[in-house]
Structures are given as C-alpha cells and as structure tokens.
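# sequence and predicted structure below; questions after.
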Amino acid sequence: MRKKRIALYDAQRGACAICDGEMVDPRTEPQGMNNISFASCTRDHVIPKVRVTEENKHDNSKGVCRGCNNARGSMDFEEFLRVRKFFLKRGWQPCTKAPKDVRRVISAMVLKKRLERRSCLM
C-alpha cells in the first residue's frame with residue numbers, strides 16, 4: 001500500500017491530483033495514526049472499485065491529499081474536482097480540512113444525487 005502511495009506521489013511530483021497542493025512525502029512522513037495530516041498523500045480511486053473493468057483498472061488510482069479524499073466521500077471524482085476548484089477560489093486552502101460550510105454543501109450534493117437515483121428506480 002505504501003509503495004503505491006510513493007509511486008503516485010513521485011508520478012505527480014508531490015501535487016494533489018485534485019487541489020494541486022503540496023502533499024507530504026510518504027517516505028518522510030512519521031508512521032502511525034496520530035501523525036496523519038490533511039496534507040498526507042492518500043490513494044484515491046477515480047472509479048469506485050465496484051465499477052472497475054479490465055480497460056480502466058490500470059489508470060484508476062490518483063495521489064490525493066487527505067483533505068480532498070475525506071471531503072470527496074462518495075462523490076464522483078470529476079464532479080468533486082469541479083467543486084474543489086470552485087472552493088479553492090473562495091478560500092478553502094489546498095491540502096487542508098474542508099471548512100464546515102463546504103462539508104455541508106458537499107453532503108447536500110451527494111444526498112440530492114442519491115435521491116435522484118432512487119426516484120429513477122421507482
């Protein structure tokens with residue numbers, strides 16, 4: 001797992017694939033749950049693992065800071081990328097925890113999408 005994060009970090013030159021902020025190098029980051037920062041490099045799946053096919057499985061991981069990965073939750077990668085760029089211009093700094101109001105907006109967007117899907121199934 002750590003080897004994959006290091007490979008992603010190196011391939012992206014230390015920049016988060018979403019907010020373009022500078023992530024912490026996994027090789028120099030202290031180990032243990034108490035030492036995790038929002039700038040830590042995490043591995044994020046662009047396409048959820050349940051929807052991965054042979055054609056898209058090789059390019060499915062991106063190096064993403066913990067701040068973006070935690071805020072994204074179950075939101076579509078491309079959609080979250082647009083949302084994150086919007087909030088970058090409005091004060092949510094790269095590689096940081098999402099402010100409470102931003103988390104509320106993202107939660108509302110995810111809930112709306114779920115309700116739309118559910119109404120289509122009925």
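In hand now; what should we look at?

# from now on I want contacts and neighbour counts done on CA atoms only, so please keep to that.
Noted.

# what's around Asp20, how many residues?
By the criterion of other CA atoms under 10 Å, Asp20 has 15 neighbours.

# correct me, but it touches Thr96?
No: if you go by CA atoms under 8 Å, Asp20 and Thr96 don't touch, sitting 11.7 Å apart.

# in the longest helix anywhere in the chain, which residues are buried?
When the chain is parsed with DSSP state H, its longest helix is helix 100-121. Residues 102, 106-107, 110 are the ones in helix 100-121 that count as buried (16 or more other CA atoms under 10 Å).

# output the residues you listed in CSV, with distance to Phe87 and pLDDT appended to each entry.
Converted to CSV, these look like this (distance: CA to CA, whole Å; pLDDT from 0 to 100):
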residue, distance to Phe87, pLDDT
Val102, 8, 93
Ile106, 11, 92
Ser107, 15, 91
Val110, 16, 88
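
# pick the one among those residues closest to Ala7.
For the buried residues of helix 100-121, the minimum distance to Ala7 (CA to CA) is 29.3 Å, reached by Ile106.

# tell me, what residue is most central in this structure?
Asn69 (2.9 Å; CA atoms, centre = their mean).

# show me where this structure has helices.
Using DSSP H, helices in the chain cover 2-11, 66-72, 77-88, 100-121.
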